[in-house]
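Trainee: Turn this into a model:
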Amino acid sequence: MTIDEELTHLDSLLRRLKIEYEVFFNNPTKRPPSDLEWKVLALLRKHSDGGRMNFSQRFRYNEMAQRYAIYSDLWRKKSRIREEGYRRPQDALLSVQGVRVPEEHEPQRPTAYGVSASAKQPRSFTMECSDPGVQGEQVERLYNALIAAKKKSGEAVTGNLDSFSNFVKNKTSQIRKQYGCETVEYSVELQDGQVKLKAKAKTKT
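Mentor: This is a model prediction of the structure:
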């Protein structure tokens, strides 16, 4: 295979690996997709020096390597929770099936896309957003954290990533104009037994 073909194959494997891990964490009887992950790692290592790549190929490779690093960190956290159980309220946001949430941390009724400016309790997931149009992967992570929290609290999930991305784009634009800031900080939180999406202006210090 050429380098471009191998990078296309790597991208396909990475997408499959993400799906397989989602199936694994949603089914307590499933085994982790170790063989598939080994193939991904083998290709990542093979091209890690980038010596035979041109600029666009290196850019493409680095994007996939960063994506795998983000996924791998999330899968490691979820695997720990699967083995040890939830220890903190924010662990419930990772939504691992087959693990009981301690009663004192059991979420109740979630909210939808309601946005509040206050955030006094510890945050479970945060991201800073200045341009949702070029921060698609971060917006997707925020969306996934919100959906995972809603599923864990038993609320029917409505809407999709596209509608959520439009919401974040419009809300970011609104807050930036209102407060004259460059960045908006979003957080998914468990507060008073409810799941909330919050946004606030992020000013320079």
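
Trainee: Give me the residue at the spatial middle of the chain.
Mentor: Central residue of the chain (C-alpha atoms, centre = their mean): Arg141, 2.7 Å from the mean position.

Trainee: per-residue confidence averaged over the longest helix along the chain?
Mentor: The longest helix of the chain (DSSP state H) is helix 55-84. Mean pLDDT, helix 55-84: 84.

Trainee: re the thing from before, isn't the residue nearest to the centre of the chain right up against Ile70?
Mentor: Yes - the pair Arg141 / Ile70 is scored as a contact, 7.5 Å apart, by C-beta atoms under 8 Å. For every residue, glycine as well, the C-beta is placed using N, CA and C.

Trainee: thinking again about what came up before, packing partners of the helix or strand that the longest helix of the chain is followed by?
Mentor: From helix 55-84 onward toward the C-terminus, using DSSP states H and E, the following helix or strand is strand 125-129. If you count contacts as 3 or more C-beta pairs under 8 Å, 6 or more residues apart in numbering; DSSP states H and E, strand 125-129 packs onto helix 136-153, strand 183-191.

Trainee: CA atoms only: put stretch 161-179 into PDB for me.
Mentor: In PDB, the C-alpha atoms belonging to stretch 161-179 read as follows (Å, rounded to 0.1, in the frame of the first residue of the first chain):
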ATOM      1  CA  LEU A 161     -24.800  16.500  16.800                       C
ATOM      2  CA  ASP A 162     -25.700  18.900  13.900                       C
ATOM      3  CA  SER A 163     -28.400  20.700  15.900                       C
ATOM      4  CA  PHE A 164     -26.200  20.800  19.000                       C
ATOM      5  CA  SER A 165     -23.300  22.300  17.000                       C
ATOM      6  CA  ASN A 166     -25.600  25.000  15.700                       C
ATOM      7  CA  PHE A 167     -26.800  25.700  19.200                       C
ATOM      8  CA  VAL A 168     -23.200  26.100  20.400                       C
ATOM      9  CA  LYS A 169     -22.300  28.200  17.400                       C
ATOM     10  CA  ASN A 170     -25.200  30.600  18.100                       C
ATOM     11  CA  LYS A 171     -24.700  30.700  21.900                       C
ATOM     12  CA  THR A 172     -21.000  31.300  21.500                       C
ATOM     13  CA  SER A 173     -21.700  34.200  19.100                       C
ATOM     14  CA  GLN A 174     -24.300  35.600  21.400                       C
ATOM     15  CA  ILE A 175     -22.100  35.500  24.500                       C
ATOM     16  CA  ARG A 176     -19.000  36.900  22.700                       C
ATOM     17  CA  LYS A 177     -21.100  39.900  21.500                       C
ATOM     18  CA  GLN A 178     -22.800  40.400  24.800                       C
ATOM     19  CA  TYR A 179     -19.600  40.400  27.000                       C
END
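
Trainee: Residues contacting it, please?
Mentor: 113, 115, 129-133, 136, 139-140, 142-143, 146, 181-182, 184, 186, 199-201, 203 (C-beta atoms under 8 Å, 6 or more residues apart in numbering).

Trainee: Give me the domain ranges for this protein.
Mentor: 3-84, 106-202 (automatic domain parsing).
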